[in-house]
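Asks: quick one: sequence and predicted model below, then my questions.
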Amino acid sequence: MGKKEGEGYGAPRLELARARRQRGLSQKAAAEKAGVASTTWSRWERGGQGVRAGSRRRLAELFEVSPIEVERWIDGWSFGETSSWPITEYGDTSTAATVRSAALLWRYEMDETRRHLLASLPFVPAVLGEWLMAWNYGVPPVSVAQRGTNARVGMADVEQINEARRTFSRLDGQFGAGLLRPVVAGYLNKSVTPLLRGRCDDRVGSALMSAAAGMALMAGWTSFDMNLHGQAQQHYGQALRLAKTGDDPLTGVWVLAMMTHQATHLEQATWAAWLARAATDTARRAQAPPRVMALVLTREAKALALRTNPAESHDKHSAKQIQRLLAEAESASAQGPADRDPEWIAEYDAAELSAQAGSCWRLLGEYGKAAVRAEAAVTAFSGRLPRSAQINQVSAAGAYLGMGELERAIDCARASIPAAKALNSTRSVERLQKFADELDPYSSSIMVRQFRDQLHSELAA
């Protein structure tokens, strides 16, 4: 049998041998520490045998280096000077380069070793600057038509991608991302990549790029929900590139709004504000329909609230600016559906936008308004979107805590524990743990100790 792609053997692995010698280890001693036979280690260094994912992890631990460094020793990958290893670079804006970049990322998701590497990537804010420049000032290719001998692609194929994404989105909302993430990655690699390489005219090619962007966004979201933020960032960057290649500003707005959400979640306040402003500016230039404007205005309000923190800074100017953005968003949302609505905006209904506004009110120190919005969202999402209901339940608990209603806050958070256990969502658990940390000023309270003990016990189980 020939070697499998990604096994990376053939040339001597001089860096691996050098790392061993620097530790003063013989091949036999290094093999014992790595849990393999000395003959296996010898073949590793000679380049005569592949190194499995589990062994690569042990090598990283043995030599106290990052997984990326081990990959460089074994496969000879070059990651440049950035620790982010940004697959999604924008130097070449051609259709062929965009397809090649997407296919590479999605293929890595299916490779056991490289998937492990992707999962270990950090979120790197500096990469966002390049992506924003490319989005704002880059020029889409003149044509996205694909010629050649590959199978022809039509609008029915594009609709299949869109329908698959809608199905994945419904399942994700019901069960959390943990169950969906490998399925989405597999679909991108096995189904979307061949279509991107198929023959099509400009009309189909543009629609195909937009559909692929939506599915890439789904891959980013499922990584986000599992707290794999560097991996999510790569998929979001790829989605933005696909939207740019397809010359689809509304899909680009969607991607930028999701990138804003991630930056806000990670408390990258400055980048969240820049991403949100890019989304709003793009939406205005594209004369986006009202519900799209409502989404980006709400995201911009939250990014600004995170950056200025009016509840503690007492910055009245920023508070008024945030309130203006929220009022504009509510006015836009109230206009309802429009003929030009992209199909994805249906996922951001009035309840979702109201819940996001509630987060802004909490950052403004308006805890009563925040609690009302969060409780209303719990009612709207219950039985329909369990994860959204659970997260808003914790948001309500945080609002009550801000009001000084400790017992009510704890009761509200306690009610969300069963859903967090049932969902396959790291983010849902994280929100509860973060609320538990916010109880530090009340650590002497018996209620707080009991809640923390229950939370630890329930989540451990």
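Replies: Everything's here; your move.
Asks: for this structure, which spans come out with low pLDDT?
Replies: 1-11, 53, 68, 75-91 (pLDDT under 70).
Asks: the longest helix in it is where?
Replies: Looking across the chain with DSSP state H, the single longest helix is helix 202-225.
Asks: can you point out the buried residues in that one?
Replies: Neighbour-count burial for helix 202-225, with 16 or more other C-beta atoms under 10 Å as criterion, is recorded at 204-225. For the C-beta atoms, the positions are set from N, CA and C on the backbone; glycine is no exception.
Asks: tell me how far it lies from the chain's centre.
Replies: Relative to the centre of its chain, helix 202-225 is centred 13 Å away, using C-alpha atoms, centre = their mean, to the nearest Å.
Asks: hey, C-alpha coordinates of that helix in CSV?
Replies: Provided in CSV are the C-alpha atoms of helix 202-225 (Å, rounded to 0.1, in the frame of the first residue of the first chain):
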residue,chain,number,x,y,z
ASP,A,202,-21.4,33.2,-14.0
ARG,A,203,-25.0,33.1,-12.6
VAL,A,204,-24.6,29.7,-11.1
GLY,A,205,-21.0,30.4,-10.1
SER,A,206,-21.9,33.4,-8.0
ALA,A,207,-24.8,31.6,-6.3
LEU,A,208,-22.5,28.6,-5.7
MET,A,209,-19.9,30.9,-3.9
SER,A,210,-22.7,32.3,-1.7
ALA,A,211,-24.0,28.9,-0.8
ALA,A,212,-20.5,27.6,0.0
ALA,A,213,-19.9,30.7,2.1
GLY,A,214,-23.1,29.9,4.1
MET,A,215,-21.9,26.3,4.7
ALA,A,216,-18.4,27.5,5.6
LEU,A,217,-20.1,29.9,8.1
MET,A,218,-21.9,26.9,9.6
ALA,A,219,-18.6,25.1,10.0
GLY,A,220,-17.2,28.2,11.8
TRP,A,221,-20.3,28.4,14.0
THR,A,222,-20.1,24.8,15.1
SER,A,223,-16.4,25.3,16.0
PHE,A,224,-17.3,28.5,17.9
ASP,A,225,-20.0,26.7,19.9
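Asks: after it, next one along is what?
Replies: Per DSSP states H and E, the first helix or strand lying C-terminal to helix 202-225 is helix 229-245.
Asks: which parts of the stretch 351-461 of the chain are helices?
Replies: Using DSSP state H, counting those that start in this stretch, the helices of the stretch 351-461 of the chain run over 367-381, 386-402, 406-414, 417-422, 426-438, 446-460.
Asks: let me have the ones you listed in JSON lines, adding distance to residue 343 as columns.
Replies: Shown next, in JSON lines, are the helices of the stretch 351-461 of the chain (distance: least, C-beta to C-beta, whole Å):
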{"stretch": "helix 367-381", "distance to residue 343": "21"}
{"stretch": "helix 386-402", "distance to residue 343": "19"}
{"stretch": "helix 406-414", "distance to residue 343": "35"}
{"stretch": "helix 417-422", "distance to residue 343": "28"}
{"stretch": "helix 426-438", "distance to residue 343": "25"}
{"stretch": "helix 446-460", "distance to residue 343": "37"}
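Asks: out of these, indicate the one that is most buried.
Replies: Of all these, helix 386-402 carries the top mean neighbour count, a mean of 25, counting by mean count of other C-beta atoms under 10 Å.
Asks: that helix vs helix 406-414, what angle?
Replies: 170 degrees (axes from the mean of the first three to the mean of the last three C-alpha atoms, to 10 degrees).
Asks: what's helix 386-402 packed up against?
Replies: Packed against helix 386-402 by the contact rule (3 or more C-beta pairs under 8 Å, 6 or more residues apart in numbering; DSSP states H and E) you find helix 155-175, helix 350-363, helix 367-381, helix 406-414, helix 417-422, helix 426-438.
Asks: make a markdown table out of these and add distance to residue 36.
Replies: Listed next are the helices and strands packed on helix 386-402 as a markdown table, based on distance: least, C-beta to C-beta, whole Å:
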| stretch | distance to residue 36 |
| --- | --- |
| helix 155-175 | 38 |
| helix 350-363 | 50 |
| helix 367-381 | 50 |
| helix 406-414 | 47 |
| helix 417-422 | 38 |
| helix 426-438 | 32 |
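Asks: and of these, who's closest to residue 265?
Replies: Of all these, helix 426-438 sits nearest to residue 265, with 8.0 Å by C-beta to C-beta.
Asks: which strands or helices does the closest one pack on?
Replies: helix 202-225, helix 386-402, helix 406-414, helix 417-422, helix 446-460.
Asks: what does that helix contact?
Replies: By C-beta atoms under 8 Å, 6 or more residues apart in numbering, the residues outside helix 426-438 that reach it are 176, 178, 224-227, 387, 390-391, 394-395, 397-398, 401, 413, 416-417, 419-420, 451-452, 455, 459.
Asks: hmm, 7 Å instead?
Replies: 176, 225-227, 387, 390-391, 394, 397-398, 401, 413, 416-417, 420, 452, 455, 459 (C-beta atoms under 7 Å, 6 or more residues apart in numbering).
Asks: how far does it sit from its chain's centre?
Replies: That offset, for helix 426-438, works out to 18 Å (C-alpha atoms, centre = their mean).
Asks: any idea how far residue 176 is from residue 169?
Replies: Residue 169 is 12 Å from residue 176, where distance means C-beta to C-beta, to the nearest Å.
Asks: between the two, which has more neighbouring residues?
Replies: The residue with more neighbours, out of residue 169 and residue 176, is residue 176; 26 against 19, by other C-beta atoms under 10 Å.
Asks: how much space is there between the nearest residue to the more buried one once chain neighbours are set aside and residue 155?
Replies: Spatial nearest neighbour of residue 176, chain neighbours left out: residue 425 (3.3 Å); criterion: C-beta to C-beta, 6 or more residues apart in numbering. In this view, residue 425 and residue 155 are 34 Å apart by C-beta to C-beta.
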